[in-house]
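Engineer: Below are the sequence and a predicted model; questions follow.
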Amino acid sequence: MADLYSGDFLRMLRNEIIIDWIIRALRLETRSHNGIIRFQCPLCHRFHTATNPKTNLGRCFDCERNFNPIDLVMATTQCSFVEAVEFLKKHIDKATAKG
(Lines give C-alpha, C1' and ligand atoms only; values in the text may rest on other atoms or scores of the structure.)
Protein backbone atom coordinates (compact mmCIF):
# COMPACT_ATOMS: atom_id res chain seq x y z
CA MET A 1 0.00 0.00 0.00
CA ALA A 2 2.87 2.35 0.74
CA ASP A 3 3.83 1.95 -2.91
CA LEU A 4 0.42 3.17 -4.09
CA TYR A 5 -0.09 6.42 -2.19
CA SER A 6 2.23 8.81 -0.44
CA GLY A 7 1.63 9.78 3.16
CA ASP A 8 1.12 13.39 2.06
CA PHE A 9 -1.57 12.36 -0.42
CA LEU A 10 -3.42 10.29 2.19
CA ARG A 11 -3.20 13.15 4.71
CA MET A 12 -4.63 15.50 2.08
CA LEU A 13 -7.59 13.16 1.49
CA ARG A 14 -8.12 12.79 5.22
CA ASN A 15 -7.92 16.51 5.99
CA GLU A 16 -9.18 18.32 2.89
CA ILE A 17 -12.06 16.22 1.57
CA ILE A 18 -14.89 17.70 3.56
CA ILE A 19 -16.65 15.12 5.74
CA ASP A 20 -20.07 16.74 5.21
CA TRP A 21 -19.54 16.45 1.45
CA ILE A 22 -18.82 12.73 1.84
CA ILE A 23 -22.02 12.23 3.82
CA ARG A 24 -24.02 13.84 0.99
CA ALA A 25 -22.07 12.02 -1.76
CA LEU A 26 -22.66 8.65 -0.10
CA ARG A 27 -26.33 9.56 0.30
CA LEU A 28 -26.33 8.71 3.97
CA GLU A 29 -29.67 9.43 5.56
CA THR A 30 -29.59 12.61 7.61
CA ARG A 31 -31.86 14.20 10.18
CA SER A 32 -31.91 17.68 11.57
CA HIS A 33 -32.52 18.28 15.26
CA ASN A 34 -32.23 21.73 16.86
CA GLY A 35 -30.33 22.94 13.80
CA ILE A 36 -27.77 20.13 14.01
CA ILE A 37 -27.48 17.71 11.11
CA ARG A 38 -27.07 14.08 12.15
CA PHE A 39 -26.05 11.31 9.75
CA GLN A 40 -26.99 7.66 10.02
CA CYS A 41 -24.03 5.69 11.31
CA PRO A 42 -23.06 3.06 8.71
CA LEU A 43 -22.22 0.63 11.53
CA CYS A 44 -25.03 0.81 14.10
CA HIS A 45 -27.55 2.70 11.91
CA ARG A 46 -28.41 5.18 14.67
CA PHE A 47 -28.43 8.96 14.41
CA HIS A 48 -26.50 9.85 17.59
CA THR A 49 -23.80 11.37 15.38
CA ALA A 50 -22.16 14.66 14.54
CA THR A 51 -19.41 16.11 12.39
CA ASN A 52 -16.65 18.43 13.47
CA PRO A 53 -15.37 20.78 10.76
CA LYS A 54 -12.26 21.60 12.81
CA THR A 55 -11.08 17.98 12.85
CA ASN A 56 -12.92 16.92 9.66
CA LEU A 57 -14.28 13.86 11.45
CA GLY A 58 -17.70 12.32 11.79
CA ARG A 59 -18.46 10.64 15.11
CA CYS A 60 -21.00 8.09 16.24
CA PHE A 61 -21.50 8.50 19.97
CA ASP A 62 -23.25 5.12 20.26
CA CYS A 63 -20.46 3.15 18.55
CA GLU A 64 -17.86 5.53 19.98
CA ARG A 65 -16.26 5.56 16.55
CA ASN A 66 -14.68 8.44 14.64
CA PHE A 67 -14.80 8.44 10.85
CA ASN A 68 -12.41 10.34 8.62
CA PRO A 69 -13.40 10.57 4.93
CA ILE A 70 -11.60 7.33 4.01
CA ASP A 71 -13.09 5.44 6.98
CA LEU A 72 -16.59 6.68 6.18
CA VAL A 73 -16.39 5.54 2.56
CA MET A 74 -15.08 2.12 3.65
CA ALA A 75 -17.76 1.66 6.33
CA THR A 76 -20.63 2.82 4.14
CA THR A 77 -19.76 0.97 0.93
CA GLN A 78 -17.93 -1.96 2.55
CA CYS A 79 -15.06 -1.44 0.14
CA SER A 80 -11.34 -1.81 0.66
CA PHE A 81 -8.96 0.95 1.65
CA VAL A 82 -7.64 1.22 -1.92
CA GLU A 83 -11.17 1.39 -3.36
CA ALA A 84 -12.08 4.14 -0.88
CA VAL A 85 -8.97 6.14 -1.76
CA GLU A 86 -9.72 5.77 -5.48
CA PHE A 87 -13.33 6.92 -4.92
CA LEU A 88 -12.12 10.03 -3.07
CA LYS A 89 -9.38 10.65 -5.63
CA LYS A 90 -12.03 10.91 -8.36
CA HIS A 91 -13.90 13.58 -6.39
CA ILE A 92 -11.05 15.76 -5.12
CA ASP A 93 -11.99 18.82 -7.17
CA LYS A 94 -15.56 19.06 -5.91
CA ALA A 95 -15.06 17.64 -2.41
CA THR A 96 -12.41 19.96 -1.00
CA ALA A 97 -12.71 23.45 0.40
CA LYS A 98 -10.53 24.56 -2.53
CA GLY A 99 -12.78 22.89 -5.11
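Structural biologist: Looks like it arrived, so ask away.
Engineer: Quick one: residues contacting the closest residue to V73 other than its chain neighbours.
Structural biologist: Take V73 and drop its neighbours on the chain: the residue closest to it by CB to CB, 6 or more residues apart in numbering is A84, 3.9 Å away. Heads up, the C-betas are built off the backbone N, CA and C, glycines and all. Taking CB atoms under 8 Å, 6 or more residues apart in numbering, we find A84 in contact with I70, V73, M74, T77.
Engineer: Wait, a helix at A84?
Structural biologist: Yes - judged by DSSP: H, G, I helix; E, B strand; the rest coil, A84 forms part of a helix.
Engineer: measure it to T96 for me?
Structural biologist: 16 Å (CB to CB, to the nearest Å).
Engineer: Same check on G35?
Structural biologist: Applying CB to CB to G35 and T96 gives a distance of 25 Å.
Engineer: hang on, T51 in a strand?
Structural biologist: Yes - the assignment for T51 (three-state DSSP) places it in a strand.
Engineer: give me the number of residues near it?
Structural biologist: Look at T51: counted by other CB atoms under 10 Å, it has 21 neighbours.
Engineer: residues near L57, how many?
Structural biologist: So L57, with other CB under 10 Å, has 18 neighbours.
Engineer: Next: I92.
Structural biologist: 15.
Engineer: E86 too?
Structural biologist: Counted with other CB under 10 Å, E86 comes out at 14.
Engineer: ok, now R46?
Structural biologist: That count, for R46 with other CB under 10 Å as the rule, works out to 13.
Engineer: I'd like the distance between it and A25.
Structural biologist: From R46 to A25 the distance is 21 Å (CB to CB).
Engineer: Kindly report the same for H45.
Structural biologist: 19 Å.
Engineer: Surely Y5 and V85 touch.
Structural biologist: Yes - taking contacts as CB atoms under 8 Å, Y5 lies within contact range of V85: 6.0 Å.
Engineer: which of those two has more neighbours?
Structural biologist: V85 (21 against 16).
Engineer: so who does the more buried one touch?
Structural biologist: L4, Y5, L10, L13, I70.
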